[in-house]
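Peer 1: Below are the sequence and a predicted model; questions follow.
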Amino acid sequence: MKKIFAEFKSFALRGNVIDLAVGVIIGAALSQVVTSLVADVIMPPVGWLIDGVNFSDLKWVLKAAEPGPDGVVIPAVTLNYGHFLQTIFDFLIVAVVIFLVIRLVNRLRPQRQEKPAPPKSAEVALLEEIRDLLKKER
């Protein structure tokens with residue numbers, strides 16, 4: 001049991017796992033921000049441009065609501081494509097924001113300078129010369 005606990009502790013405290021956890025938490029927070037941006041800032045003008053249509057309210061009624069035999073209303077069966085469109089807009093905006101953030105981070109990150117190849121040893125140079133001569137003979 002101690003060995004399993006020690007392995008788990010080693011796994012959980014690795015830098016990658018902690019980085020992943022931080023990324024998930026920040027991603028969840030960013031998702032809420034972007035969802036609000038789409039629902040509260042972007043979609044109202046878009047709805048206004050298309051005659052005040054609220055995307056979340058768009059749906060096809062497959063079967064209208066009707067009273068049941070015991071007097072309880074059976075709800076309507078609807079296909080809520082407006083909510084689906086809203087989710088697609090959310091996804092596209094999240095994807096664009098993530099792309100822009102990654103692009104910015106890549107520009108701010110110092111560029112790696114490639115190290116020059118180490119000088120070839122005499123043995124490697126001789127072997128390459130032999131290889132080239134054999135290629136010429138064929």
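Peer 2: On my side now, so go ahead. All of these numbers come straight from a predicted model, not from anything done at the bench.

Peer 1: burial measure for Glu129, as a count.
Peer 2: Glu129 is flanked by 10 other residues according to other C-beta atoms under 10 Å. No exception for glycine: its C-beta is placed from N, CA and C like everyone else's.

Peer 1: Apologies, that question was intended for Phe55.
Peer 2: The criterion is other C-beta under 10 Å. On that basis, Phe55 has 21 neighbouring residues.

Peer 1: Who are the contact partners of it?
Peer 2: Phe55 makes contacts with Met43, Val46, Gly47, Gly82, His83, Leu85, Gln86, Phe89, as judged by C-beta atoms under 8 Å, 6 or more residues apart in numbering.

Peer 1: make it 10 Å
Peer 2: The contact partners of Phe55, by C-beta atoms under 10 Å, 6 or more residues apart in numbering, come to 38-39, 43-44, 46-47, 81-89.

Peer 1: likewise Tyr81?
Peer 2: Contact criterion C-beta under 10 Å, 6+ apart gives Phe55, Leu58, Lys59, Trp60 as the residues in contact with Tyr81.

Peer 1: let's see it at 8 Å
Peer 2: Contact criterion C-beta under 8 Å, 6+ apart gives Leu58, Lys59, Trp60 as the residues in contact with Tyr81.

Peer 1: Look up the pLDDT of the second one for me, please.
Peer 2: Going back to what we said before, that points to Lys59. Per-residue confidence at Lys59 stands at 90 (pLDDT).

Peer 1: can you check Gly15 too?
Peer 2: The confidence metric pLDDT takes the value 67 at Gly15.

Peer 1: repeat for the one 5 residues further on
Peer 2: We have a pLDDT of 81 for Leu20.

Peer 1: can you give me the helices in the protein?
Peer 2: Secondary structure of the chain (DSSP state H): helices at 2-12, 15-36, 43-49, 81-108, 122-137.

Peer 1: And the lowest mean pLDDT element among the helices and strands of this protein?
Peer 2: One helix or strand of the chain scores below all others by mean pLDDT, DSSP states H and E: helix 43-49, with a mean of 79.

Peer 1: Just the buried positions in it, please.
Peer 2: Met43, Gly47 (16 or more other C-beta atoms under 10 Å).
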